[in-house]
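# compute the structure for the input listed below.
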Amino acid sequence: MTVLAHEIAAAPAEVPTVTSANQKTVIASAAAAVAGDVEAALTLADHHPAGEAAVRLRERLRGHVHTLAVPAERYAALLPESRDKDIAAGTVRFARKVARDCGSDPAIALRLLAKSVAHLARNTDLLRHA
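Modelled structure (predicted):
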């Protein structure tokens, strides 16, 4: 898959979570909303991690982390005391740490941010179904 700079720039800056259809409120999947950014980040990490598009994408992924961390944290809090709860809470802590500082290697930064966003989005979706 080839990702062009204008495709990265055209992706939405915010995670859409609520849409309205026929007077009903439908909650969209957080994972689906960020899937394009996650896929683009993983592709750019392999092919062109230091370009301007990659820099913008890293910033957008940091924004996704900040947006998704709160509901993912709520999901973790709802779980009974267990290994699953520890993992879910640790995922949020790690994602926030990565968003603050993920090192100087741009490829590693893209991968860490992308995977963190994907995990937070998954937990956010699980919260909606809880």
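
# switch to C-alpha atoms for all contacts and neighbour counts from now on
Noted.

# strands of this protein, start to end?
18-21, 24-27 (DSSP state E).

# how many residues are close by residue 36?
14 (other C-alpha atoms under 10 Å).

# then residue 100?
Neighbour tally, residue 100, other C-alpha under 10 Å: 10.

# and the pLDDT at it?
pLDDT, residue 100: 94.

# and stretch 102-121, how far out from the chain middle?
9 Å (C-alpha atoms, centre = their mean, to the nearest Å).

# and stretch 49-62, by the same measure?
13 Å.

# mean confidence score for that stretch?
Here the average pLDDT along stretch 49-62 is 93.

# which parts of that stretch are buried?
In terms of neighbour count (16 or more other C-alpha atoms under 10 Å), stretch 49-62 has its buried residues at 49, 53, 54, 57, 58, 60, 61, 62.

# how near is the second one to residue 42?
Yep, that's residue 53 we're talking about. Note on residue 53: its distance to residue 42, by C-alpha to C-alpha, to the nearest Å, is 13 Å.

# go on, the last one?
Distance of residue 62 to residue 42, given as C-alpha to C-alpha: 15 Å.

# distance from the helix ranked longest in the chain to the middle of the chain?
If you go by DSSP state H, the chain has its longest helix at helix 52-78. Its chain's C-alpha centre and that of helix 52-78 lie 5 Å apart, by C-alpha atoms, centre = their mean.

# so for the protein, the centremost residue is which one?
Centroid-nearest residue in the chain, with C-alpha atoms, centre = their mean: residue 117, separated by 2.2 Å.

# right, and that one touches residue 60 too?
No - judged on C-alpha atoms under 8 Å, residue 117 makes no contact with residue 60 at a distance of 10.3 Å.

# any low-confidence regions in the chain?
For the chain, applying pLDDT under 70 flags the ranges 1-28.

# if we go to 50?
Flagging of the chain using pLDDT under 50 yields the residue ranges 1-27.
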